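Engineer: here is my input, please return the structure:
(one chain, ligands or ions: 2)
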Amino acid sequence: MKPLYSVAQIRDIETTALASLPPGSLMQRAGQSASELAVKLVAHRQSPQVLVLAGPGNNGGDALEVAANLGQAGIAVTVLRLAGASTPPDSARALLRARAGGVRFADALPADVDWALVVDGLFGIGLARALSGAARALACAVNEHDWPVLALDVPSGLDADTGALVGPDGVAVRAGHTITFIGDKPGLHTGQGRDYAGAVTLAGLGVELPAQAPAEAQLNEVALFARYLHPRAQNSHKGSFGNVAVIGGARGMLGAPVLAARGALLAGAGRVFVATLDRNPGLDMAQPELMFRDAAGYDPAGSTLVIGPGMGDSADALRLLHRAQGGAAPLVLDADALNLIAANPDLQLQLAQRTGATALTPHPLEAARLLGVTIAVIQGDRMAAARELAARLRCHVVLKGAGSVLARPDGMVVINPTGNPGLATAGTGDVLAGICGALLAQGWPGWEALLGAVWVHGAAADRLVAQGVGPIGLTAGELPAAARAVLNALVLEIGG
Ligand SMILES: NC(=O)C1=CN([C@@H]2O[C@H](COP(=O)(O)OP(=O)(O)OC[C@H]3O[C@@H](n4cnc5c(N)ncnc54)[C@H](OP(=O)(O)O)[C@@H]3O)[C@@H](O)[C@H]2O)[C@@H](O)CC1
Ligand SMILES: [K+]
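Structural biologist: Ligands and ions are numbered 1, 2, ... in the order given. Take a look at the predicted model:
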């Protein structure tokens, strides 16, 4: 398990640990781990010069420990310190250490130095408000250059709980690496967190994490759904892998259900139907295995349903959605289905009363409509939004976007680490809905199907980017084949 702890939880864990340790030892361990990483990050540079930004609190103390260690190692270090009204005792000790070593202190950002590394120790989990004044100016100056940045604990200015920048007009230090202490934090992995934290390294500092108390969230990983990745039995037939019916495709929107259907087919569904509201095209020449039907009068009995891609908001769409929700078949609700649900309290009530597996796959705008709030509110706390949706509608939810957030009605939250900006293009959400439908049709339980689909979908995009296909110009139509490759590789690795 890869647990993610809230700031409040980290504070509790820290308090317990500090009670049994000599003063300053956690900060020294943090400084030790961070300086080891810093040394690796500058190892390729001749005579590297390192800039250490040290804030007024204990995050600044960590930074001063790093400065002292690097100075002792013979690396040229300059410290720029933003002192506060008072300095906490551990940081005061670290300041003495840094002053005693070969570390230079500057009053302002030295001009014309090409820093091999900037260590950001302005603020960590004690950030209480938006960066302003000198801290804001420093963050902006660092972001304007392409110096490598190592953030200590959390990039300064980022909310470690939510992954949002603190303040309405927030600024944060943009790091390529973040070394985070004691436990990993959700805000480093979702929303703005992925861009600002970069690659995250966890330094546990030898602190024991609570075995019983649940973490705030966890990172998605193959282990969470590995037991459903089995090799196929020789004695199988197409009926062994279930049917998926994709319902959608109003006028001009036929591509959306076709993409979902291709996603479902290449993620292993035995048979895939596409029931369209507009003129039935009869055939997908590129994927002739798909079977087309007219949505009006189509009976999807025996199929897992994916409903919503390109479906529009007509009376027919509403009727089809009402019927789909009324059945017991596993259901993936996407796109226009979500907009219809947002506008119809009856559909919301019907959804909350369903017994079959139900997955909701909103992007932030759809989630905002469902909760009756703005996108800014959703993005301001993505975990809270996903949790609220799952609880209200009693379904499994994935709030899409950088660091997709999956939530269950019981409050469990998982953040997905796979995927990249190549997915920020039309139709990729349809493919995700199709993959999820395929896993449900193959008998995966609802929660694991959503975990698996989101992980595989992101990994498919990562695979394409590694091959030079994207992120620029990656298309949704390229994802199903990549998802197929990812799934088969996983089955070979785990289940084979
Ligand atoms: N305790 C331990 O043993 C360990 C702690 N560890 C490290 O400590 C970090 C937490 O330390 P922390 O609690 O001192 O908070 P920190 O992030 O330094 O900021 C607080 C200071 O900043 C100030 N301030 C806040 N916002 C501001 C703003 N916008 N603009 C200006 N000022 C602002 C605030 O002042 P105030 O709000 O009172 O004005 C206060 O002075 C944690 O992330 C980890 O790195 C590790 O070494 C492991 C062991
Ligand atoms: K920091």
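Engineer: does V274 really touch L290, like I thought?
Structural biologist: Yes: under the criterion of Cβ atoms under 8 Å, V274 makes contact with L290 at 5.5 Å. All C-beta atoms are positioned from the backbone trio N, CA, C, and that covers glycine.
Engineer: which neighbours do these two share?
Structural biologist: V258, A261, D284 (Cβ atoms under 8 Å, 6 or more residues apart in numbering).
Engineer: make sure the second one is indeed in a helix.
Structural biologist: Yes: counting by DSSP: H, G, I helix; E, B strand; the rest coil, A261 falls inside a helix.
Engineer: was I right to think it contacts Q287?
Structural biologist: Yes: using Cβ under 8 Å, A261 makes contact with Q287 at a distance of 7.5 Å.
Engineer: more neighbours: those two, which one.
Structural biologist: A261 (35 against 17; other Cβ atoms under 10 Å).
Engineer: list the contacts for that one?
Structural biologist: V244, V246, V272, F273, V274, D284, Q287, L290, G434.
Engineer: top of those residues by neighbour count?
Structural biologist: Neighbour-wise, the contacts of A261 (other Cβ under 10 Å) top out at V246, 37 neighbours.
Engineer: quick one: secondary structure of it?
Structural biologist: strand.
Engineer: so how far is ligand 1 from it?
Structural biologist: 47 Å (Cβ to the nearest ligand atom, to the nearest Å).
Engineer: kindly report the same for L340.
Structural biologist: Relative to ligand 1, and taking Cβ to the nearest ligand atom, L340 is found at 43 Å.
Engineer: does the host helix or strand of N143 come close to ligand 2?
Structural biologist: Using DSSP states H and E, N143 sits within helix 133-144. No: using Cβ under 5 Å from the ion, helix 133-144 stays clear of ligand 2, coming no nearer than 10.0 Å.
Engineer: tell me which helix or strand comes right after that helix.
Structural biologist: Counting by DSSP H and E, what follows helix 133-144 is strand 149-152.
Engineer: contacts for the host helix or strand of L53, please.
Structural biologist: If you go by DSSP H and E, L53 is part of strand 49-54. For strand 49-54, contacts defined as Cβ under 8 Å, 6+ apart pick out 38, 42, 60-61, 63-64, 66-67, 70, 75-82, 103, 109-110, 113-122, 138, 142, 147, 156, 173.
Engineer: and the helix or strand following it with strand 49-54, angle?
Structural biologist: Note on strand 49-54: by DSSP H and E, the next helix or strand toward the C-terminus is helix 58-72. Inter-element angle recorded for helix 58-72 and strand 49-54: 150 degrees (by axes from the mean of the first three to the mean of the last three Cα atoms, to 10 degrees).
Engineer: determine the set of other helices and strands touching the helix or strand just after helix 58-72.
Structural biologist: Note on helix 58-72: by DSSP H and E, the next helix or strand toward the C-terminus is strand 76-81. Counting contacts by 3 or more Cβ pairs under 8 Å, 6 or more residues apart in numbering; DSSP states H and E, strand 76-81 is packed against strand 49-54, helix 58-72, strand 103-106.
Engineer: pLDDT averaged over strand 76-81 - what is it?
Structural biologist: Per-residue pLDDT values over strand 76-81 give a mean of 98.
Engineer: restrict that strand to CA atoms and write it as CSV.
Structural biologist: Taking Å, rounded to 0.1, in the frame of the first residue of the first chain, the C-alpha atoms of strand 76-81 are listed here in CSV:
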residue,chain,number,x,y,z
ALA,A,76,29.4,25.8,-2.8
VAL,A,77,26.2,26.7,-1.0
THR,A,78,24.4,30.1,-0.7
VAL,A,79,21.6,30.4,1.7
LEU,A,80,18.9,33.0,1.3
ARG,A,81,16.9,33.1,4.5
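Engineer: and the residue in the stretch 301-450 of the chain that ligand 2 sits nearest to, how far from L349?
Structural biologist: Among the residues of the stretch 301-450 of the chain, G403 lies closest to ligand 2, at 19.1 Å counting by Cβ to the ion. Distance from G403 to L349, counting by Cβ to Cβ, to the nearest Å: 31 Å.
Engineer: those two: which has the busier surroundings?
Structural biologist: Neighbour comparison, G403 and L349: the larger count goes to G403, with 27 against 11 (by other Cβ under 10 Å).
Engineer: so what's whichever residue of the stretch 151-300 of the chain sits closest to ligand 1 up against?
Structural biologist: Scanning the stretch 151-300 of the chain for the residue nearest ligand 1 gives D153, at 3.6 Å (criterion: Cβ to the nearest ligand atom). Residues near D153 by Cβ under 8 Å, 6+ apart: A30, N59, D62, G124, I125, A160, T178, I179, T180, F181.
Engineer: let me see the contact set for the residue nearest to the fifth one when sequence neighbours are not counted.
Structural biologist: This points to I125. Excluding its sequence neighbours, the residue lying closest to I125 (Cβ to Cβ, 6 or more residues apart in numbering) is V7, at 4.6 Å. Neighbour list for V7: I125, A160, D161, K185 [criterion: Cβ under 8 Å, 6+ apart].
Engineer: and V7, what are its phi and psi?
Structural biologist: Main-chain torsions, V7, degrees, to the nearest 10: phi -60, psi -40.
Engineer: just the pLDDT for it.
Structural biologist: 97.
Engineer: how about the residues of the stretch 101-250 of the chain by ligand 1?
Structural biologist: When proximity is defined by Cβ under 6 Å from any ligand atom, the stretch 101-250 of the chain lies next to ligand 1 at 123-131, 135, 152-153, 181.
Engineer: which strand or helix spans the closest residue to ligand 2 within the stretch 1-150 of the chain?
Structural biologist: Nearest residue of the stretch 1-150 of the chain to ligand 2: D120, at 4.6 Å (Cβ to the ion). Assigned by DSSP H and E, D120 belongs to strand 117-121.
Engineer: and the contacts of stretch 216-224?
Structural biologist: So stretch 216-224 is contacted by 1-6, 9, 161, 184, 186, 189, 229, 383, 406, 413-418, 448, 451, 454-455, 490, 494 (Cβ under 8 Å, 6+ apart).
Engineer: could you dump the helices and strands packed on strand 76-81 to JSON lines with mean pLDDT?
Structural biologist: Converted to JSON lines, the helices and strands packed on strand 76-81 look like this (pLDDT from 0 to 100):
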{"stretch": "strand 49-54", "mean pLDDT": "98"}
{"stretch": "helix 58-72", "mean pLDDT": "98"}
{"stretch": "strand 103-106", "mean pLDDT": "96"}
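Engineer: export these to CSV and tack on mean neighbour count?
Structural biologist: Formatted as CSV, those follow (neighbours: other Cβ atoms under 10 Å):
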stretch, mean neighbour count
strand 49-54, 27
helix 58-72, 28
strand 103-106, 16
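Engineer: mind checking which of those is nearest L202?
Structural biologist: Each of these has some distance to L202 by Cβ to Cβ; the shortest is helix 58-72, at 14.6 Å.
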